[in-house]
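[1] Need coordinates for the following:
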Amino acid sequence: LYSDLVPHISRLLHEYHQIISGQVKAEIWEEICAKALDLAGYGTDWTPDYNHGVGTDQTTNDGTAISNKGGSLENDGTILTISGSRLTKFATLDEKIDHIHNKDEDYILCLACTKPFLGTYDFIVIDATKLDYKNAEWSETIGQRGKNKSKVVGWKAKGNHFTASITKSMSDQLWTKISSELFLTHETITIDTVWTAKKKSLLKLCLLGVGLALGFTIGVLD
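    Numbers count the residues shown, from 1 in each chain. Alright, predicted model coming up:
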């Protein structure tokens, strides 16, 4: 699903990185996605108002509601982590769950990347209805040390092919880890720019330097 967006997204990302070295985020990803949707014939109601908000970011001509997100891949690319709403305005856990469960998007189009950014993105499509927060198994997260020891510091949930957490110290922000079993589409896009090539070379030099330093240390110890 939406795999036909990939050639357009790839070209637009390459053009963006001819000027900007940093990773694409938030409203910039929305706009790149909007242009790709138009080029692929889906259409979009997106406008450049720079109002990246909660839930639906744009809607296609056939009424499909899309949420654009960043994210990161873990565990050899089998787990996608995305962030969600800050939920401090909702007093109880039930109110928080009702809010995140009743969001209106149909699909999440995610542009994930590594940290530090080294010129590679992962375009991932998720059916938003599969993130069934309402029927997940929720429990309290209890602090293990310091001033919060034995206190409730948040909540965690286990759903079907995803887990979620709400962390009090982060303004009750929602974090969701999604298994690759829910990936409808997963395409890797590599950006070959002079800047990313330089960063990769610098990283290799740093790693080489660390290796030489460790080797020197071991030699001295021996």
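[2] my guess is Ile178 meets Ile79, correct?
    Yes - using Cβ atoms under 8 Å, Ile178 is in contact with Ile79, at 6.9 Å. From N, CA and C alone the C-beta is placed, and that goes for glycine too.
[3] out of those two, which sits in the more crowded spot?
    Under the neighbour definition other Cβ atoms under 10 Å, Ile178 and Ile79 were set side by side, and Ile178 has more, 24 against 15.
[4] Tell me if I am right that the more buried one is in a strand.
    Yes - under DSSP: H, G, I helix; E, B strand; the rest coil, Ile178 falls within a strand.
[5] what sits opposite Ala65 in the beta ladder?
    Counting by DSSP bridges, Ala65 is bridged to Thr59.
[6] cool, and Trp155?
    Going by DSSP bridges, Trp155 is paired in beta bridges with Glu140, Ile166.
[7] Cross-check the contact I'm expecting between it and Trp138.
    Yes - at 5.6 Å, Trp155 counts as touching Trp138 under the criterion of Cβ under 8 Å.
[8] shared neighbours, those two?
    Counting by Cβ atoms under 8 Å, 6 or more residues apart in numbering, the residues touching both Trp155 and Trp138 are Leu93.
[9] Isn't Ser3 up against Phe183?
    No - counting by Cβ under 8 Å, Ser3 does not reach Phe183; the two are 11.3 Å apart.
[10] Neighbour count: these two, which is higher?
    Neighbours were counted for Ser3 and for Phe183 using other Cβ under 10 Å; Phe183 has more, 19 against 13.
[11] wait, what's in contact with the more buried one?
    Shown in contact with Phe183 (Cβ under 8 Å, 6+ apart): Leu80, Ile124, Val125, Ile126.
[12] what stretches of this protein score poorly on pLDDT?
    Where the chain drops to pLDDT under 70, the residues are 51-54, 193-207, 209-222.
[13] Show me where it has its strands.
    58-59, 65-69, 72-74, 79-86, 107-113, 120-127, 137-142, 152-159, 162-167, 173-179, 183-190 (DSSP state E).
[14] Switch those over to a markdown table; also include distance to Glu15.
    Formatted as a markdown table, the strands of the chain follow (distance: least, Cβ to Cβ, whole Å):
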| stretch | distance to Glu15 |
| --- | --- |
| strand 58-59 | 20 |
| strand 65-69 | 18 |
| strand 72-74 | 24 |
| strand 79-86 | 25 |
| strand 107-113 | 15 |
| strand 120-127 | 14 |
| strand 137-142 | 43 |
| strand 152-159 | 38 |
| strand 162-167 | 34 |
| strand 173-179 | 29 |
| strand 183-190 | 13 |
